[in-house]
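Peer 1: coords please:
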Amino acid sequence: MGRLFGTDGIRGIANRELTAELALNLGRVFAETLDHNSRVFIARDTRVSGPMLVYAIGAGLMSGGTEVVSLGILPTPAVAYLLQKHGAAAGIMVTASHNPGEYNGIKIFGADGRKLADSLEDEIEGRLLRGTVRQAGMVGARISERHAAEEYIQFLRSSALVPLNGLAIALDCANGASCVTAEGLFGALGANIHTLGNRPNGHNINENCGSLHPEELQRTVIENNLAAGFAFDGDADRVLAVDEHGNVVDGDQILAMCALDMQERGTLAGGTLVATVMSNFGLRVFCKAHGIAFRTAQVGDRYVLDELLAGGFSLGGEQSGHIIFTQHSTAGDGQLTSLQILQIMLRTGKPLSKLAGVMAHYPQVQRNIPVSQLGKLRLADDEEIQSAAAQAQRLLGENGRVLLRASGTEPLVRVMVEGQNSAQIETIARELEELVRRQLL
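Peer 2: Here you go, the predicted structure:
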């Protein structure tokens, strides 16, 4: 992974790390990789820095002869869907996903609706860092598309075979992109909706709301006796659910219930579920118990999708709530996932708590440890850290695991320890955290 592109595009504090100049030059360089007269769709979330970056990257693209179609505020998966439907050359989403409002980011999709391959990102990054941009002979046009949200909502509605008539649910839009689609989508399907986090002001995206902060959603579900709640992140490509008792249902549990439902209906392609190395050990145990093959990918929904498409599989995702149904989309989609959960509830007549209960969580401790940028790069080669992690793994044996990885989007090292003994894994995680801080700060 390069210096600019992480596991989910370019990301940083807007106007400091992610500047208008960088976005402009990125647009110019990316235009060089496209055919002349190509069309590129661009959307954004609700951050105040969004228009600055959208116009800057759009200007760069247009200076390279590319036609830019502005979609306005939309969820990330809408970009992936619309560019494939209309045959655009690429799609760009300006968002920092689950990060606070001062951050922003740029995700790029190819014509196939998939995020760019690492090799192309490396090529673009190399040109950016070298400053080698050639001047195009023509200027591209800019077009505004005002019906993109309605078109995306209609696509999502078509994925729901059973209406939601009278089903009482809560939606937390994280003051983000789903504010323009969620109420219209679930309302049109007949649900009785309680909406939270739907007053974006440009700064409050993900602020005490959304998938990282589901506390208010939990209270809303309990106090109003609702069937379920769904918390999206800033660009709505992920979701966490809340059951009727107010308990959070994470991405691993969502994968388990969807895999079991698809297996029973004969739609789980290859009898296989794809998850990441960060998924709870209990998901592996669940798959083994139900005869479902379990495949792992690197962290990042792009790598989950690569594994899905390579194997011809139909379901995969991450513990964080990125869930991909290849029958419907090439992207994680929080609203699509929520609809699939509600469909299972309606088909089976089972409450969400019972559906989520098919998987038992193993005790898991995670630590996100701030380190220097150089420290991130040294993690894999630090003999003392790697030796300590290997020793901890031997101690846990086959009933647990230790995972250390550098974040692809932030200056962090992530430590995860799983096992059957909560006190034991807590001790191991604390000791590894202390060691990482000493070695990599």
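Peer 1: what's the longest helix seen in the chain in contact with?
Peer 2: Scanning the chain for the longest helix, with DSSP state H as the assignment, gives helix 422-440. Among residues not part of helix 422-440, those counted as contacts by Cβ atoms under 8 Å, 6 or more residues apart in numbering are 363-367, 369, 371-372, 375-376, 378-379, 382, 384-385, 388-389, 392, 395-396, 400, 402, 404, 413, 415-419. Where C-beta positions appear, they are placed from N, C-alpha and C, glycine not excepted.
Peer 1: I'd guessed residue 346 sits against residue 165; true?
Peer 2: No. At 9.3 Å, residue 346 does not count as touching residue 165 under the criterion of Cβ atoms under 8 Å.
Peer 1: if you count what's nearby, which of those two comes out ahead?
Peer 2: For residue 346 versus residue 165, neighbours defined as other Cβ atoms under 10 Å are more numerous around residue 346 (17 against 10).
Peer 1: elements contacting the helix or strand containing residue 185?
Peer 2: Taking DSSP states H and E as the criterion, residue 185 maps to helix 182-188. Counting contacts by 3 or more Cβ pairs under 8 Å, 6 or more residues apart in numbering; DSSP states H and E, helix 182-188 packs against helix 148-158, strand 168-172, strand 192-196, helix 334-348.
Peer 1: then the longest helix of the chain to PDB, C-alphas only?
Peer 2: The C-alpha atoms that make up helix 422-440 are tabulated as PDB, following Å, rounded to 0.1, in the frame of the first residue of the first chain:
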ATOM      1  CA  SER A 422     -11.500 -13.400  29.000                       C
ATOM      2  CA  ALA A 423      -8.900 -12.600  31.700                       C
ATOM      3  CA  GLN A 424      -6.200 -14.400  29.700                       C
ATOM      4  CA  ILE A 425      -6.800 -12.500  26.500                       C
ATOM      5  CA  GLU A 426      -7.100  -9.200  28.300                       C
ATOM      6  CA  THR A 427      -3.600  -9.700  29.800                       C
ATOM      7  CA  ILE A 428      -2.100 -10.700  26.500                       C
ATOM      8  CA  ALA A 429      -3.700  -7.700  24.700                       C
ATOM      9  CA  ARG A 430      -2.400  -5.300  27.400                       C
ATOM     10  CA  GLU A 431       1.100  -6.700  27.200                       C
ATOM     11  CA  LEU A 432       1.200  -6.400  23.400                       C
ATOM     12  CA  GLU A 433      -0.200  -2.900  23.600                       C
ATOM     13  CA  GLU A 434       2.600  -1.800  26.000                       C
ATOM     14  CA  LEU A 435       5.200  -3.400  23.800                       C
ATOM     15  CA  VAL A 436       3.900  -1.800  20.600                       C
ATOM     16  CA  ARG A 437       3.800   1.700  22.300                       C
ATOM     17  CA  ARG A 438       7.500   1.200  23.400                       C
ATOM     18  CA  GLN A 439       8.700   0.100  20.000                       C
ATOM     19  CA  LEU A 440       6.700   2.000  17.400                       C
END
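Peer 1: what's the distance between stretch 395-406 and the middle of its chain?
Peer 2: On the basis of Cα atoms, centre = their mean, to the nearest Å, the separation between the geometric centre of stretch 395-406 and that of its chain is 24 Å.
Peer 1: Give me the residues contacting stretch 331-339.
Peer 2: When contacts are defined by Cβ under 8 Å, 6+ apart, stretch 331-339 is touched by residues 75-77, 80-81, 109, 113, 156, 159-160, 171, 178, 181-182, 185-186, 189, 211, 230, 232-233, 236-239, 241, 254, 301, 305, 317-318, 321-325, 328-329.
Peer 1: now that stretch: mean pLDDT?
Peer 2: Averaging pLDDT along stretch 331-339 gives 98.
Peer 1: tell me the SS of the residue lying farthest from the centre of the chain?
Peer 2: Centroid-distance maximum for the chain: residue 137 at 37.6 Å, with Cα atoms, centre = their mean. Assigned state for residue 137: coil (three-state reduction, DSSP: H, G, I helix; E, B strand; the rest coil).
Peer 1: Flag the shaky bits of the stretch 101-250 of the chain, pLDDT-wise.
Peer 2: Across the stretch 101-250 of the chain, the stretches falling below the confidence threshold (pLDDT under 70) are 132, 134-136.
Peer 1: which one of the helices and strands packed on helix 182-188 lies closest to residue 92?
Peer 2: The minimum distance between residue 92 and those falls on helix 148-158, with 13.5 Å, by Cβ to Cβ.
Peer 1: Please identify the most buried of the helices and strands packed on helix 182-188.
Peer 2: Greatest average neighbour count among the helices and strands packed on helix 182-188 goes to strand 168-172 (a mean of 25), per mean count of other Cβ atoms under 10 Å.
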